[in-house]
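>>> Show me how the following folds:
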Amino acid sequence: MPALNPVWKRRLMIGIPVLLIAIQLIPVDRSNPPVETEAPVPAELREVLVESCWDCHSNETTWPWYSYVAPVSWFVADHVHEGREELNFSAWNNYDEERALHKIEEMWEHVEEGDMPLKSYLILHGGARLTDEDRAAIQQWTSLMIGEGEASGSGDQEDEHEDEDDDEHTDGSGL
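Reported below is the predicted structural model:
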């Protein structure tokens, strides 16, 4: 491989640090909006969620030092904003009952499949790794919440869906 021309080598030696300094000036939103209404999580489970989920899924993000250094800051801020958009434990009042139950159900699916917490987050936050006990507590809470949500739904809706199912099966097909 041919050596770099000394002029280009000098330009790179000056240009790269200048570029790294310049990108630090690109603004990144690391705000923490006010907490509106927190999810109805029992205290012992809240501790687990704060450790493993809160940084990306609440308005109480702890922004580590590396979230102030570009280009890593862009990646971190983007993940936090996406995480809050998907599920925000600090803005629970923005979800009606059906949507809240769906969020809880999705939460368990992501935990069960090992998608959450993100592997990239766990690299620097080993304490966020969920134990089997943590997973069991999350599963128990999500099952309880989903069960209560279904129980508190109106019976009329269930009857209506059953009637629709009955109508579908009266076409003579025997199904």
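
>>> Tell me where the protein has helices.
6-22, 43-52, 54-57, 72-86, 97-112, 119-124, 132-152, 155-168 (DSSP state H).

>>> Can you tell me which of the ones you listed is packed in deepest?
helix 54-57 (a mean of 22; mean count of other CB atoms under 10 Å). Where C-beta positions appear, they are placed from N, C-alpha and C, glycine not excepted.

>>> residues contacting residue 92?
36-40, 100 (CB atoms under 8 Å, 6 or more residues apart in numbering).

>>> excluding its backbone neighbours, what's nearest the spatially most central residue of the chain?
Here the mean C-alpha position of the chain is nearest to the C-alpha of residue 83 (CA atoms, centre = their mean), at a distance of 3.6 Å. Leaving aside its sequence neighbours, residue 83 sits nearest to residue 56 (CB to CB, 6 or more residues apart in numbering; 3.2 Å).

>>> For the residue nearest to the centre of the chain, report the pLDDT, please.
Per-residue pLDDT puts residue 83 at 97.

>>> for residue 147, same thing?
Value for residue 147, per-residue pLDDT: 89.

>>> before we move on, back to that, for the helices of the chain, which has the smallest mean pLDDT value?
helix 155-168 (a mean of 43).

>>> can you count the residues close to residue 93?
Residues lying near residue 93 (other CB atoms under 10 Å) number 11.

>>> What residues does residue 36 make contact with?
Here residue 36 is in contact with 59, 90-94 (CB under 8 Å, 6+ apart).

>>> do the same with residue 80
30, 55-56, 61.

>>> ditto for residue 62
residue 55.

>>> Can you lay out the contacts of residue 92 as JSON lines showing distance to residue 49?
Supplementary listing: those in JSON lines, determined by distance: CB to CB, whole Å:
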{"residue": "36", "distance to residue 49": "17"}
{"residue": "37", "distance to residue 49": "15"}
{"residue": "38", "distance to residue 49": "10"}
{"residue": "39", "distance to residue 49": "8"}
{"residue": "40", "distance to residue 49": "12"}
{"residue": "100", "distance to residue 49": "15"}
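
>>> With respect to residue 115, which of those is nearest?
residue 39 (19.1 Å; CB to CB).

>>> Just give the number of residues close to that closest one.
23.

>>> change the start of the numbering to 131 and stick with it
In the new count, where the first residue is 131, that last one comes out as residue 169.

>>> where does it land on pLDDT?
Value for residue 169, per-residue pLDDT: 95.

>>> so what's it up against?
Contacts of residue 169 (CB under 8 Å, 6+ apart): 219, 222, 230.
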